[in-house]
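>>> predicted model follows, preceded by the sequence.
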Amino acid sequence: MQNLYILTGPIKTGKSTKLLRWSETKENVAGILQYEVNGKRVIRDISSKQVFMLEDDNLKENQKIKVGKYSFNKNAFLWAQKKLEQSFRGKPDWLIIDEYGKLEIDNGGLEPAISDIINKSRKQNCTKIILVVRDYLKNDFLKKFEPESLDYKYFDFG
């Protein structure tokens with residue numbers, strides 16, 4: 001059974017927006033989406049519709065994770081990891097994980113939750129996972145997860 005769907009594409013091409021709209025038309029879809037609201041990135045839990053600010057100008061230095069010119073809220077990632085793990089344990093039909101980027105390649109951001117979920121899904125094989133991966137990181141992602149042992153389908157949104 002196909003259970004991992006990798007969605008890639010360039011930045012700001014509407015991947016998250018399309019996934020949000022798609023998730024609203026389906027039942028038993030869980031997970032998280034990252035997108036911008038008023039120029040600031042947020043993380044949204046699909047099930048509860050809760051939103052956590054990923055970019056916040058009022059953070060102290062010890063609350064930030066810096067990636068290039070961006071500063072992200074450490075607590076937002078911890079919150080999102082818990083939401084992903086809870087969602088996966090609930091055995092939804094679909095689990096959306098948006099997104100796998102530079103932080104995750106370096107075992108930050110949404111890691112280790114993503115790796116745990118992918119490894120557990122290899123055994124469970126009932127929840128279908130849609131994983132958004134930055135287009136330029138697809139090969140790095142596949143190297144990390146041994147593509148020959150992954151049952152995945154790839155979609156390029158670009």
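On my side now, so go ahead.
>>> so who does Asn28 touch?
Neighbour list for Asn28: 92-94 [criterion: Cβ atoms under 8 Å, 6 or more residues apart in numbering]. In short, each C-beta sits where N, CA and C put it, glycine included.
>>> again with Ser47
Contacts of Ser47 by Cβ under 8 Å, 6+ apart are 30, 87.
>>> distance-wise, check it relative to Asn38.
24 Å (Cβ to Cβ, to the nearest Å).
>>> give the next helix or strand downstream of the longest helix seen in the chain.
Using DSSP state H, we find that the single longest helix of the chain is helix 74-89. Toward the C-terminal end, the helix or strand that comes next after helix 74-89 (DSSP states H and E) is strand 94-100.
>>> and the contacts of Asn28, which are buried?
Neighbour-count burial (16 or more other Cβ atoms under 10 Å) applied to those gives 92, 94.
>>> and of the contacts of Asn28, the nearest to Tyr5?
Among the contacts of Asn28, Trp94 lies closest to Tyr5 (Cβ to Cβ), at 9.0 Å.
>>> give me the beta-bridge partners of the closest one?
Val29, Lys128 (DSSP bridges).
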